[in-house]
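K.L.:
predicted model, plus sequence, below.
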Amino acid sequence: MNYNFDEKIDRKNTDCVKYDGLKKFFNVDDAKPLWVADMDFKTPDFILEDLKKCFDKQILGYPIITDRIYESIIYWYKKRHNINSFSKDDIQFTTGVVTALSACIEALSNEEDEVIIQTPVYFPFYSVVKDNNRKLILNPLTNENDYYTMDFENLKSKISKKTKLLILCSPHNPVGRVWSKEELEELMQICYENNIIIISDEIHSDLVFKKFTSILHLDEKYFDNIVLLNSPSKTFNLAGLKSSYIITKNNKIRASIEKILIKRHITTPNIFGIESIASSYNKGEQWLDMLLKYIKNNLEILNNNLNDNITFKEPEATYLIWLNFKKIEDTHKNIFQRLLHNSGLALNDGITFGEEGNKYFRLNISLPNKELKEALIELNNEFS
């Protein structure tokens, strides 16, 4: 397989959030968009070809999820992650990981129950809890020189009889951690002892640079207390297709989630989203290996070209970099404005991930080498 990650795809005026949303989200007409978490790499040709075959059917009617879709997920987990602890009956489908997360919160807790998140973290984690009228409990990660670990003592102190759920980001966005098996086992044991269900968002689990431990790798005694959410969308650049799945071994939990999925009418992705799952997981392993190699090269470019006033800890996963601007003698707000208006770069504001994001900004490096180097020149010129 040959694939050209250096190819520049002109995404302007294609109704995409990343480029055409700059005016709405940054109030600028033009900037280099290094923010929203999709890639500037062309979606793999084998997926595009399989999606085109949907048109060959000549009628784009209501789809049904057949065994081949379930089997593609089972195949991928066994081949890529050495996991074979679930079956077709443990899988449910819906229209996005955040959609699934919101449905799980409604299904598995009551209004005013407590839901724990580990901050700084992907910002929809805040809103899905609050929008479901649950009480948000923060368990901040411990930051030592931009290497983040779980604070288990703080976690224990935050748990009450009203604590029903913990939302795990694994691998973690934005700090780039791949949690170790030991960390996950300690977290799982605490939640197990307190009858807290862990909802694990593992959407970045294929974009890893070290061994990934899923909650499905852990002791089966925990399986009654876990729900896994995933999608091929981040891995294969398919976010616009709005497809995802839920895996849980607990029949009671699965029935509760199913009830809410039916209530919200979100039990089936569209015909293209369904097809993309099978295409990605049956054909995507070689392409993914090439992608990871390219992103790793971009990390080296970042390491070699970023000036010393801006620092970061090399991520263990994802193409998202948690940049630290604390050496810059300026306010967070001013740094944001300088990035946008002086450097012409649109990065995610770290504050949106939590108060721990003060003087941090999230950088997306999933773009051609040449464009990354150009962006770093502008960044360094402003903050040297």
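P.N.:
The structure has been received and is ready for your questions. As the structure is a computational prediction, the values presented were derived from the model and not from experiment.

K.L.:
neighbouring strands - and their directions - for the strand ranked longest in the chain?
P.N.:
The single longest strand within the chain, with elements called by DSSP state E, is strand 163-169. Strand pairing for strand 163-169, using DSSP bridges, gives strand 114-117 (parallel), strand 197-201 (parallel).

K.L.:
which residues touch Gln92?
P.N.:
Taking Cβ atoms under 8 Å, 6 or more residues apart in numbering, we find Gln92 in contact with Tyr245, Ile246, Ile247, Thr248, Arg254, Ile257, Glu258, Leu261, Thr267. Quick note: C-beta positions are derived from backbone N, CA and C, even for glycine.

K.L.:
filter these down to the buried ones.
P.N.:
With burial judged by 16 or more other Cβ atoms under 10 Å, the buried subset of the contacts of Gln92 is Tyr245, Ile246, Ile247, Thr248, Arg254, Ile257, Leu261, Thr267.

K.L.:
tell me which element Val98 falls in.
P.N.:
helix 97-108 (DSSP states H and E).

K.L.:
centre of the chain to that helix, how far?
P.N.:
On the basis of Cα atoms, centre = their mean, to the nearest Å, helix 97-108 sits 15 Å off its chain's mean C-alpha point.

K.L.:
got a list of contacts for that helix?
P.N.:
Contacts for helix 97-108 (Cβ under 8 Å, 6+ apart): 94, 115, 124-125, 128-129, 131-132, 134, 164-165, 167, 197, 199, 201, 203, 227, 229-231, 233, 242, 244-246, 253, 256-257, 259-261, 264, 266.

K.L.:
out of these, which are inside helices?
P.N.:
Pro124, Phe125, Val128, Val129, Asp131, Ser233, Ile253, Ser256, Ile257, Lys259, Ile260, Leu261 (DSSP state H).

K.L.:
and the first one, what pLDDT?
P.N.:
With respect to pLDDT, Pro124 scores 98.

K.L.:
identify the residue spatially nearest to Ser279, adjacent ones excluded.
P.N.:
Asp50 (4.0 Å; Cβ to Cβ, 6 or more residues apart in numbering).

K.L.:
tell me how far Ile9 lies from Leu34.
P.N.:
15 Å (Cβ to Cβ, to the nearest Å).

K.L.:
before we move on, back to that, got CSV for the buried ones among the contacts of Gln92, with pLDDT and distance to Leu345 too?
P.N.:
Below are those laid out as CSV (pLDDT from 0 to 100; distance: Cβ to Cβ, whole Å):
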residue, pLDDT, distance to Leu345
Tyr245, 98, 35
Ile246, 98, 36
Ile247, 98, 38
Thr248, 98, 40
Arg254, 98, 44
Ile257, 98, 40
Leu261, 98, 39
Thr267, 96, 40
